[in-house]
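Asks: Attaching a predicted model along with its sequence, questions to come.
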Amino acid sequence: DAKTTQPNSMESNEEEPVHLPCNHSTISGTDYIHWYRQLPSQGPEYVIHGLTSNVNNRMASLAIAEDRKSSTLILHRATLRDAAVYYCILDVTSGSRLTFGEGTQLTVNP
Amino acid sequence: DTAVSQTPKYLVTQMGNDKSIKCEQNLGHDTMYWYKQDSKKFLKIMFSYNNKELIINETVPNRFSPKSPDKAHLNLHINSLELGDSAVYFCASTLAGGLNEQFFGPGTRLTVL
């Protein structure tokens, strides 16, 4: 599986935008970029996924570099509830396996 | 209604015992998974079932035996529990094929004493 690299931790202030980076320099042409997050004491939850174009949904936006070697998850207005570990995952389809890395621990300050 | 549910939420047991964790999903999905999250928070896939058939079996000791009585249920039975089995176990489900998100259960925290 292609590997992803994320910062171990990031901090943000409430109601400010957050940009969570992910490097995936060995991504293949068929790999989709998935983001999941895990709130404290809960199971992971899906956030967003994309292939080449930028994507938006009610939770976040996903900006994908033109060469697809990196991507950024954007939370437009962080809330305290967004404090979680965010995982960037590559896979051909989420119907198969998800290989979780260490993720980024996001702390949101009031 | 809980989409993916697991029982029990907590399980404390002695080494050598046999225990089971149950998982049910009411989403109409046909693929279910078991993941293990250890004390260092690494989340690893253990098994995947599609329509009651095993399709992924990572390098997991054969003391772990998943059973899928129907598409909505995937149970995990563990024989001869060891200290290293202590972890949080998550069940998940999805629709096979396409790019469908996985839905995770709340987890079962297993502690082996």
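Replies: Yep, it's here. Not measured: the values here are computed from a predicted model. Residues are numbered from 1 along each chain as shown, chains lettered A, B, ... in the order given.

Asks: Can you report how many residues lie near the closest residue to chain B within chain A?
Replies: Closest residue of chain A to chain B, Cβ to the nearest Cβ: residue A:43 (3.1 Å). Using the backbone N, CA and C atoms, a C-beta is placed for each residue, glycine as well. Number of residues near residue A:43 (other Cβ atoms under 10 Å in any protein chain shown) recorded here: 22.

Asks: just residue B:81 next, same as before
Replies: Applying other Cβ under 10 Å, we find 21 residues neighbouring residue B:81.

Asks: Surely it is in a helix?
Replies: No. Per DSSP: H, G, I helix; E, B strand; the rest coil, residue B:81 lies outside any helix segment and is coil.

Asks: Would you mind giving both backbone torsions of it?
Replies: Main-chain torsions, residue B:81, degrees, to the nearest 10: phi -60, psi 140.

Asks: Can you tell me how far it is from residue A:61?
Replies: In this view, residue B:81 and residue A:61 are 44 Å apart by Cβ to Cβ, to the nearest Å.

Asks: how about the closest residue in space to the residue of chain A closest to chain B that isn't next to it in sequence, what does it touch?
Replies: Distance criterion Cβ to Cβ, 6 or more residues apart in numbering or on different chains; nearest residue to residue A:43, sequence neighbours excluded, is residue B:104 at 3.1 Å. Contacts for residue B:104 (Cβ atoms under 8 Å, 6 or more residues apart in numbering or on different chains) come out as A:43-45, B:4, B:35, B:90-92.

Asks: for residue B:49, which residues make a bridge with it?
Replies: For residue B:49, the beta-bridge partners are residue B:32, residue B:54 (DSSP bridges).

Asks: for residue B:5, same thing?
Replies: Per DSSP bridges, the residues bridged to residue B:5 are residue B:24.

Asks: where are the low-confidence patches of the chain?
Replies: Since no chain was named, I'll use chain A. Chain A contains residues with pLDDT under 70 at A:1-2, A:92-96.

Asks: um, chain B though
Replies: Along chain B, the parts satisfying pLDDT under 70 run over B:1, B:97-99.

Asks: Can you pull up the most central residue in chain A?
Replies: residue A:35 (3.8 Å; Cα atoms, centre = their mean).

Asks: Oh, that last question was meant for chain B, not what I typed.
Replies: The residue lying closest to the centre of chain B (Cα atoms, centre = their mean) is residue B:34, at 3.1 Å.

Asks: is it true that that residue touches residue B:90?
Replies: Yes. Using Cβ atoms under 8 Å, residue B:34 is in contact with residue B:90, at 7.4 Å.

Asks: shared neighbours of the two, anything?
Replies: With Cβ under 8 Å, 6+ apart, residue B:34 and residue B:90 have no common neighbours.

Asks: before we move on, back to that, if I've got this straight, the residue nearest to the centre of chain B is in a strand?
Replies: Yes. Residue B:34: assigned to a strand according to three-state DSSP.

Asks: For it, list the residues it contacts.
Replies: Counting by Cβ under 8 Å, 6+ apart, residue B:34 has contacts B:23, B:45-47, B:66, B:74, B:76, B:89-92.

Asks: mind checking how far it is from residue B:66?
Replies: Counting by Cβ to Cβ, the gap between residue B:34 and residue B:66 amounts to 6 Å.

Asks: next one: residue A:15
Replies: On the measure of Cβ to Cβ, residue A:15 and residue B:66 end up 44 Å apart.

Asks: Please name the bridge partners of the residue in chain B positioned nearest to chain A.
Replies: Taking Cβ to the nearest Cβ as the measure, the point where chain B comes nearest chain A is residue B:104, at 3.1 Å. With DSSP bridges as the criterion, residue B:104 is bridged to residue B:92.
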